[in-house]
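Novice: Sequence first, predicted coordinates after that:
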Amino acid sequence: MLDRIKKNLVVITKVFLGVLLLQFFLQTFVTFSLGRDWTFWTLIWMWKEFLIVALTIFVIRFFAKRVEKEKIKKMWEDFPLKWFVIIFVLTILIAFVISLFNSSISNFVLSIRYSMFGYFIFVLFYAISYLFFNLKSEKIAERYTKIIKRILCGALIRWAIIWLCPAFIELFWYNQWNYEWKVWEQPPVAYYTQYKDGFTRNQFLFERPITLGFFLVAFWPLFFMLVLYKKWTKKWLLRWWLYWIVLLSTFSRAAWWAWIVQTVIMFFALYWKQNKKLFLSFLIPIICLLWVVTYYWRDQIIYRDFSNTGHIKELVIAVNKVRENPFLWQWAASAGPASHHLWEWKEYNPENQYLQIWIEYWLLAFIGWMALYLYLNFVWFKALKKDYLDEKTSKEMKNLSLIIFAFSLWMVGLSIEWLVLHSFVDRMIVYPYTALFGIYLATYYKMKLYSWKVGKLV
């Protein structure tokens, strides 16, 4: 019975990760090409939330039916992520109490969906992996890198079609000259860095024009570890430059710099003995290419008036809001993407993930949110220092520590983007990544705690 549950959960996880990406293409096609945007279809697109709720109920029922109270107590004592869970629950409770005083429960739920749901998915899949998965779960990440390869090739082909064969796009009811403003008003096939002017941003099959940039930053460390690391071939070089060219084509400045910071960290962490040679061979050409692109197309990339002035204006407003009431709160869902769904207040987006959380919640809840965020940022340092660089560590443990290093660098990269954006709300990135992070961090801790050998617990 337990073996069947394990197999089913692995299948469900693979379906969750694969279909999640497929949905956004289908959603675009059904909504714009077929004109189907009824409530019925909205419910269909929420399959992933329903699945997460179902998995949560399953985990709770499993504990209620199969585990005795004494075993639960012992398991909780040994549970490596207990402080993370405690802080997460306390932060949710504080935010809920705040909402009761100055907002509503519905606004609280909407706000939590954008601000905390990624952490919840991380905890949920951590628990599932901790209870049911073994080292074979590593196949899940390897399978996902194949999806990333297809996205890279597809994004490059799509960009070429938009520029060279616009008539081909029109066969699917899209127009090369449509720019995206709101998803339900324009087919998201082309988005310009200026209003109806400038260069088309590459967004491939993704929902929003900068989502592809977010996605490439999030999965770059994992792609590097599983596809490029210690594989010095011509194919290696091709994949390296393909990744960078597709990222350049998104025209996302935040994604560019986040990617470079991630790459520098990986180089100095993994190639510290030969970092000078590698820096000269790869990073300097990358920086030079970035400089050439931004120099010749600086009007569309750097001096984007609305983009620059808009970010600065909203940032100033957010800082003033915090200064007016630094220790208390505004209200749940009063800032960020959640505010766009409310009618009782004026929508407001500070274009900064940190200030958004501070504005929405009391200072204590903001501290809790930051504690969770910082934990995910610095997991990589511990895994790399204590396991990968330790000569006594087994090969399996070294490989697993590299994957943890890769997942944690996701947070480092997006931390840079969060200064001017709010990519933590993007479902296409947060849902699959936090799920994978939870799965592999649980595997990592189980291996450390129970001296796990390949394929079984001893």
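Specialist: Looks like it came in fine.
Novice: rest of the way, CA atoms for contacts and neighbours
Specialist: Fine.
Novice: Which residue, neighbours along the chain excluded, lies closest to residue 85?
Specialist: Once flanking residues are discounted, residue 85 sits nearest to residue 123: 7.2 Å by Cα to Cα, 6 or more residues apart in numbering.
Novice: Likewise for residue 445?
Specialist: Nearest residue to residue 445 in three dimensions, chain neighbours excluded: residue 80, at 6.9 Å (Cα to Cα, 6+ apart).
Novice: how near is the one you found to residue 30?
Specialist: Using Cα to Cα, to the nearest Å, residue 80 is found at 44 Å from residue 30.
Novice: Residue 203 now?
Specialist: 18 Å.
Novice: Just confirm residue 378 contacts residue 408, I think it does.
Specialist: Yes - at 6.8 Å, residue 378 counts as touching residue 408 under the criterion of Cα atoms under 8 Å.
Novice: Compare those two (neighbour count), which wins?
Specialist: residue 408 (24 against 15; other Cα atoms under 10 Å).
Novice: still on that earlier bit, so what's the residue count around the residue nearest to residue 85?
Specialist: Applying other Cα under 10 Å, I find that residue 123 has 23 neighbouring residues.
Novice: May I ask which helix or strand encompasses it?
Specialist: Following DSSP states H and E, the helix or strand that holds residue 123 is helix 117-132.
Novice: Beyond that helix, next helix or strand please.
Specialist: Later in the chain than helix 117-132, the nearest helix or strand by DSSP H and E is helix 138-164.
Novice: I'd like to know which elements that next one is packed against.
Specialist: helix 2-28, helix 166-170, helix 211-223, helix 234-249 (3 or more Cα pairs under 8 Å, 6 or more residues apart in numbering; DSSP states H and E).
Novice: mind checking how far it is from the chain centre?
Specialist: Relative to the centre of its chain, helix 138-164 is centred 17 Å away, using Cα atoms, centre = their mean, to the nearest Å.
Novice: now swap in stretch 226-240 and tell me
Specialist: Mean-position distance between stretch 226-240 and its chain equals 24 Å (Cα atoms, centre = their mean).
Novice: do stretch 114-128 as well
Specialist: Chain-centre distance of stretch 114-128: 12 Å, with Cα atoms, centre = their mean.
Novice: Only C-alpha atoms, please: export that stretch in CSV.
Specialist: C-alpha atoms of stretch 114-128 as CSV (Å, rounded to 0.1, in the frame of the first residue of the first chain):
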residue,chain,number,x,y,z
TYR,A,114,0.6,36.2,-3.6
SER,A,115,2.9,36.7,-0.6
MET,A,116,3.1,33.3,1.2
PHE,A,117,1.8,30.6,-1.1
GLY,A,118,5.3,29.9,-2.5
TYR,A,119,6.5,29.1,1.1
PHE,A,120,3.4,26.9,1.6
ILE,A,121,4.2,24.8,-1.6
PHE,A,122,7.8,24.5,-0.4
VAL,A,123,6.7,23.1,3.0
LEU,A,124,4.1,20.8,1.4
PHE,A,125,6.4,19.2,-1.0
TYR,A,126,9.1,19.0,1.6
ALA,A,127,6.8,17.0,3.8
ILE,A,128,5.8,14.7,0.9
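Novice: same question for it, mean pLDDT?
Specialist: Taken as a whole, stretch 114-128 has a mean pLDDT of 91.
Novice: residue ranges with poor pLDDT in the stretch 201-350 of the chain?
Specialist: Residue ranges of the stretch 201-350 of the chain with pLDDT under 70: 207, 232-233, 272-283, 295-311, 326-330, 341-345.
Novice: hey, where'd the helices end up in it?
Specialist: Ranges of helices within the stretch 201-350 of the chain are 211-223, 234-249, 253-270, 275-278, 284-296, 298-301, 305-324, based on DSSP state H, counting those that start in this stretch.
Novice: For the residue nearest to residue 240 when sequence neighbours are not counted, list the residues it contacts.
Specialist: Nearest residue to residue 240 in three dimensions, chain neighbours excluded: residue 228, at 7.6 Å (Cα to Cα, 6+ apart). By Cα atoms under 8 Å, 6 or more residues apart in numbering, the contact list for residue 228 reads 236, 239-240.
Novice: roughly how far apart are residue 228 and residue 372?
Specialist: Separation of residue 228 from residue 372 (Cα to Cα): 30 Å.
Novice: ok, now residue 12?
Specialist: Applying Cα to Cα, the value for residue 12 to residue 372 is 26 Å.
Novice: who's more crowded, the two?
Specialist: Taking other Cα under 10 Å, residue 12 and residue 372 do not tie; residue 372 has more neighbours (18 against 14).
Novice: ok, that one touching residue 90?
Specialist: No - Residue 372 is not in contact with residue 90 according to Cα under 8 Å; the separation is 11.4 Å.
Novice: any weak-confidence spans in the stretch 351-458 of the chain?
Specialist: Confidence mapping of the stretch 351-458 of the chain against pLDDT under 70 gives the ranges 450-458.
Novice: thinking again about what came up before, can you add distance to residue 72 and neighbour count and give the contacts of residue 228 back as CSV?
Specialist: Formatted as CSV, the contacts of residue 228 follow (distance: Cα to Cα, whole Å; neighbours: other Cα atoms under 10 Å):
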residue, distance to residue 72, neighbour count
236, 47, 16
239, 47, 18
240, 46, 17
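Novice: What is the nearest of these to residue 255?
Specialist: Looking at the contacts of residue 228 and their distance to residue 255, the nearest is residue 240, at 16.0 Å (Cα to Cα).
Novice: and the gap between that closest one and residue 230?
Specialist: Taking Cα to Cα as the measure, residue 240 falls 13 Å from residue 230.
Novice: do residue 347 as well
Specialist: Here residue 347 is placed at a distance of 48 Å from residue 230 (Cα to Cα).
Novice: of these two, who's got more company?
Specialist: Taking other Cα under 10 Å, residue 347 and residue 230 do not tie; residue 347 has more neighbours (16 against 10).
Novice: residue contacts, the more buried one?
Specialist: 334-336, 339-341.
Novice: quick revisit: out of the helices of the stretch 201-350 of the chain, deepest packed?
Specialist: Among the helices of the stretch 201-350 of the chain, ranked by average contacts under mean count of other Cα atoms under 10 Å, first place goes to helix 211-223 (a mean of 25).
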